[in-house]
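K.L.:
Sequence first, predicted model second:
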Amino acid sequence: MLTDDGVPVEAVYEPCTAGSAAAAGARTESAAGLPAIVVAHGFTGSADRPAVRRAARVFAQRAAVITFSFRGHGRSGGRSTVGDREVLDLAAAVAWARELGHTRVVTVGFSMGGSVVLRHGALYTDGSEAHDAAVRVPVRERRTGEHSGAHFGAHADAVVAVSAPARWYYRGTAPMRRLHWVVTRPSGRLVGRYGFRTRIATEDWDPVPLSPVAAVPFIAPAPLLLVHGDRDPYFPVDHPRMLAEAAGPGGAELWLERGMGHAENAADEALLARIADWATGTPPA
């Protein structure tokens with residue numbers, strides 16, 4: 001995929017495995033009635049990480065699935081901006097799902113990916129382009145004269161944020177202090193590049209992107225699910241509660257998972273199946 005600011009992003013499409021007819025028709029007209037789930041991984045993740053592949057396998061039992069690597073991760077180009085321009089990567093993936101024929105697309109993001117799906121849900125709405133100074137990149141037109149995915153089909157029909165932060169620059173836990181060292185210090189970025197296969201941009205945010213808690217009120221009328229573990233070592237439970245409160249009455253569903261840690265690595269198959277049921281509107285077993 002190519003983002004609106006010209007970054008090549010690796011992505012994988014997997015048809016739904018729930019029955020041979022659905023799987024065979026995932027790239028045909030039958031895809032219109034089949035939901036697609038777009039998975040946004042956490043910082044230092046990628047499309048080929050085991051936890052992302054596990055999530056894709058479970059989600060594919062109920063929907064078609066697109067996984068991708070954010071810029072600066074995996075085989076994608078560019079450098080990670082740790083949640084800023086990554087919204088353009090997600091927009092490209094959602095637009096691709098619609099190009100494949102899916103009329104309902106749900107975004108599921110973990111940790112950094114959770115913050116990205118929240119911003120994306122606020123900035124990209126049905127029939128409109130992105131409006132955020134933090135994106136900072138003008139929407140380019142293709143040579144055919146058609147607008148990019150920011151204009152057509154890049155919005156999510158529902159949003160799921162797992163282990164997402166509520167606010168930027170949080171340093172209240174030891175893991176987050178270590179993460180800030182990786183992101184902000186030259187020696188830390190070397191560790192990120194060679195230890196975690198993550199290439200990190202050196203520039204500071206300018207301007208600071210819309211924060212997750214500020215984005216949440218603009219996601220409606222799209223449904224929003226917030227999932228968070230009560231043993232998350234990165235973000236304590238005040239983060240999901242802030243997000244739920246910002247959504248207003250009835251604006252978000254909050255699942256506080258007992259004993260769960262952080263993001264995709266901590267999400268077991270049972271939880272992933274419940275998330276997929278919510279995303280696809282399937283009654284739980």
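P.N.:
Looks like it came in fine.

K.L.:
alpha carbons only for contacts and neighbour counts from here, please
P.N.:
Will do.

K.L.:
need the strands for the stretch 151-285 of the chain, in chain order.
P.N.:
With strands called from DSSP state E, counting those that start in this stretch, the stretch 151-285 of the chain shows them at 158-162, 224-229, 253-257.

K.L.:
Just name the most buried of those.
P.N.:
By mean neighbour count, with neighbours taken as mean count of other Cα atoms under 10 Å, strand 158-162 ranks first of the strands of the stretch 151-285 of the chain at a mean of 26.

K.L.:
All the helices of the protein, in order from the start?
P.N.:
Along the chain, the segments classed as helices by DSSP state H run 20-24, 50-59, 86-99, 112-123, 174-184, 186-195, 212-215, 238-247, 263-266, 269-280.

K.L.:
starting at the chain centroid, how far to the fourth one?
P.N.:
Put simply, helix 112-123 sits 6 Å off its chain's centre (Cα atoms, centre = their mean, to the nearest Å).

K.L.:
tell me what that helix is packed against?
P.N.:
strand 36-40, helix 86-99, strand 105-110, strand 158-162, helix 212-215 (3 or more Cα pairs under 8 Å, 6 or more residues apart in numbering; DSSP states H and E).

K.L.:
what does it contact?
P.N.:
Outside helix 112-123, the residues that touch it by Cα atoms under 8 Å, 6 or more residues apart in numbering are 40-43, 82-84, 86-87, 90-91, 107-109, 129-132, 155-156, 159-166, 210-212, 215-219, 222.

K.L.:
and what of stretch 48-63?
P.N.:
Contact with stretch 48-63 is made by 14-18, 34-37, 39, 41, 45-47, 65-67, 74, 264-265, 269, 272-273, 276-277, 280, as judged by Cα under 8 Å, 6+ apart.

K.L.:
Can you select the buried ones from these in ChimeraX?
P.N.:
Buried subset of those, written as a ChimeraX selection, criterion 16 or more other Cα atoms under 10 Å:
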select :14,15,16,17,34,35,36,37,39,41,45,46,47,65,66,67,74,264,265,272,273,276,277,280
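
K.L.:
beta partners for Val65?
P.N.:
Beta-bridge partners recorded for Val65 (DSSP bridges): Glu14, Ile37.

K.L.:
Put together TSV for the strands of the stretch 151-285 of the chain, with mean pLDDT on each row.
P.N.:
Formatted as TSV, the strands of the stretch 151-285 of the chain follow (pLDDT from 0 to 100):
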stretch	mean pLDDT
strand 158-162	98
strand 224-229	98
strand 253-257	98
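
K.L.:
quick revisit: now, of the contacts of helix 112-123, which are buried?
P.N.:
40-43, 82-84, 86-87, 90-91, 107-109, 129-130, 155-156, 159-166, 210-212, 215-219, 222.

K.L.:
Tell me if I'm right that Ser80 and Glu203 touch.
P.N.:
No. The pair Ser80 and Glu203 fails to qualify as a contact (Cα atoms under 8 Å) at a distance of 10.3 Å.

K.L.:
Show me which of the two is the more surrounded one.
P.N.:
With neighbours defined as other Cα atoms under 10 Å, Ser80 and Glu203 compare such that Ser80 has more, 22 against 8.

K.L.:
so what's that one up against?
P.N.:
With Cα under 8 Å, 6+ apart, Ser80 has these contacts: Phe70, Arg71, Gly72, His73, Glu86, Thr198, Arg199, Ile200, Ala201.

K.L.:
picking that back up, export the helices and strands packed on helix 112-123 to CSV and tack on distance to Pro186?
P.N.:
Converted to CSV, the helices and strands packed on helix 112-123 look like this (distance: least, Cα to Cα, whole Å):
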stretch, distance to Pro186
strand 36-40, 26
helix 86-99, 21
strand 105-110, 26
strand 158-162, 29
helix 212-215, 27
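
K.L.:
For Val227, which of the ones you listed is the nearest?
P.N.:
Nearest to Val227, of all these, is strand 158-162, at 4.6 Å by Cα to Cα.

K.L.:
orientation of the closest one relative to strand 224-229 in degrees?
P.N.:
10 degrees (axes from the mean of the first three to the mean of the last three Cα atoms, to 10 degrees).

K.L.:
Can you give the distance of strand 158-162 from its chain's centre?
P.N.:
With Cα atoms, centre = their mean, you get 8 Å for strand 158-162.

K.L.:
What helices and strands are in contact with that strand?
P.N.:
Strand 158-162 packs on strand 105-110, helix 112-123, strand 224-229, helix 269-280, going by 3+ Cα pairs under 8 Å, 6+ apart.
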